Each structure stands twice: as structure tokens, then as C-alpha cells.
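A.B. asks: here you go, sequence then predicted model.
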Amino acid sequence: MVLQESDKEAIQKRFVELADDVELIVFSQELECQFCKETREMVLDLGTLSKKIKVKIFDFVKDSDEVLKYNIKKIPAIAIAGKIDYGIRYYGLPEGYELPVMIDTIIDVSKGKTKLSDAIKTQLSEIKKSVHLQVFVSPTCPYCPKAAKTAHQFAIENENIRSDVIEMAEFPYLVQRYSVMSVPHIVINNDSSFVGAYSPEIFIDQIALALRSAYNPMYS
């Protein structure tokens, strides 16, 4: 997907907010998947809009060391990394309502912090166990950006949290595996889930409940 000139102009204005360099690492393959070409082209376009955006392209089959390093399980995939890798991944083509979320996330990663409230950051700091968030979205869903952005913000603020945003139409086998009927559908550590674009406070409550359920039979 080549960005429209109007999109480029708007994004370039947003990229003025970038603090430090950000790497956009794309995983595709020689025999490209359905949306691999569009994803690669879109990220390459983003790389032309700021000197602080560094684009890397890897082959999912040939570059096994990089696949392992970034823990990539499927393609197309985009890893967004700053001074450190926060575990933020986008699986699929970030178009429609999802593109602005990606831009917001790139800016947050460049700053190494988010605009979450101090109270939320304090709650996040109390999460000491590993949390893997998988947020299933659709480009036409107006509620999905909120859930996707919150998950990515959590990953930036807590090193124990990693966040995947997954375009549901591109990964039907995962939709079936996690019984995704509507979006945003958030899966926590593969064994707990909830649906909806809730506030960060409720999102954290859902994570806490999932962790209690996993480690305390009383909550199962």
C-alpha cells in the first residue's frame, strides 16, 4: 500500500514530534504473502518521511536469526523498536483506522514514554509477571484503535508486557483458534480474553484478573 500524498503530509507533520530514532523492521518473504508487498511498501514510504525512521526488511525464511531475535511467528509483521525493543508488533497491513495508531505508537516509542496518567503507570509497574497481549482488529473498526493503542502503551511502560496487534482478516486460523467473533478482541497470555475498547483502568483490571486466574485456582 503506497501512502497517498495527503497521508504523507499529515504523517510528516506528526513526525516532527519524534525524539530519538525508531526502527521499523518488516518481515516478509521472497514468495510474498497476500499483504506482504503492501506492508513493505507502506513502511518504506514511512521511512522517507523522517530521518529518524530507520527501515529494515528481512526475509521470514532466509533471515532466521532476525526472526528468532524479534520472536516473529507470522507475516507480514512489523516490529517497532526504539532505544530498546518494547515487544511491540503489528501483524498485517496497518490501514484504515489502524494507520493513525501506528503513527502514535512510533512517536511514543521514539520518546520511550506515553501520555498515560501517573496513576495508570503506577498500576502497570506492579505487574511483575509476563503478559502477552494479542489485540485482534479490523481496519474498518472505529473502536479498535483505542484498544490497540492502549496495549502498545502498556508495553512501553512495562518491560514484562509485550503487545501484538493482529489484523483478523489476514490470520483466519488465529481468529478460529481464539474464537474471535467481534473486534477489538483482546487475548491475554493465550488463555483469557475480553472484547471491547475499554479505558486503561479496566484494561489493567482484565490483565490482573487473567493473572490471578492463571496462578490461583480459586479464580479459575
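C.D. replies: All right, it came through fine. Remember, it's a predicted structure, so these values are computed and weren't measured experimentally.
A.B. asks: what is the top helix by length along the chain packed up against?
C.D. replies: For the chain, the helix with the greatest residue count under DSSP state H is helix 200-215. Taking 3 or more C-beta pairs under 8 Å, 6 or more residues apart in numbering; DSSP states H and E as contact, the helices and strands that helix 200-215 lies on are helix 118-125, strand 131-137, helix 144-157, strand 185-188, strand 192-195. No exception for glycine: its C-beta is placed from N, CA and C like everyone else's.
A.B. asks: so which of those is the most packed in?
C.D. replies: helix 144-157 (a mean of 25; mean count of other C-beta atoms under 10 Å).
A.B. asks: so it versus helix 200-215, what angle?
C.D. replies: Inter-element angle recorded for helix 144-157 and helix 200-215: 70 degrees (by axes from the mean of the first three to the mean of the last three C-alpha atoms, to 10 degrees).
A.B. asks: for helix 144-157, packing partners?
C.D. replies: Against helix 144-157 (3+ C-beta pairs under 8 Å, 6+ apart) you get strand 88-91, helix 98-111, helix 118-125, strand 131-137, strand 161-167, helix 200-215.
A.B. asks: contacting residues around that helix?
C.D. replies: The set of residues external to helix 144-157 that reach it, using C-beta atoms under 8 Å, 6 or more residues apart in numbering, is 86-88, 97-98, 100-101, 104-105, 108-109, 112-116, 120-121, 124-125, 131, 133, 135, 137-138, 161-163, 165, 183-184, 186, 196-198, 200, 203-204, 207.
A.B. asks: okay, now the domains of the protein?
C.D. replies: Using automatic domain parsing, the domain ranges for the chain come out as 1-106, 113-220.
A.B. asks: average pLDDT for the longest one?
C.D. replies: Domain 113-220 comes out with an average pLDDT of 94.
A.B. asks: ditto for the shortest one
C.D. replies: What domain 1-106 shows for mean pLDDT is 95.
A.B. asks: quick one: that domain to chain centroid distance?
C.D. replies: Centroid separation for domain 1-106 versus its chain: 10 Å, with C-alpha atoms, centre = their mean, to the nearest Å.
A.B. asks: what is the burial count for the residue nearest to residue 130 when sequence neighbours are not counted?
C.D. replies: Using C-beta to C-beta, 6 or more residues apart in numbering and skipping residues adjacent in sequence, the residue nearest residue 130 is residue 160, 5.5 Å away. Residue 160 has 15 neighbouring residues, counting by other C-beta atoms under 10 Å.
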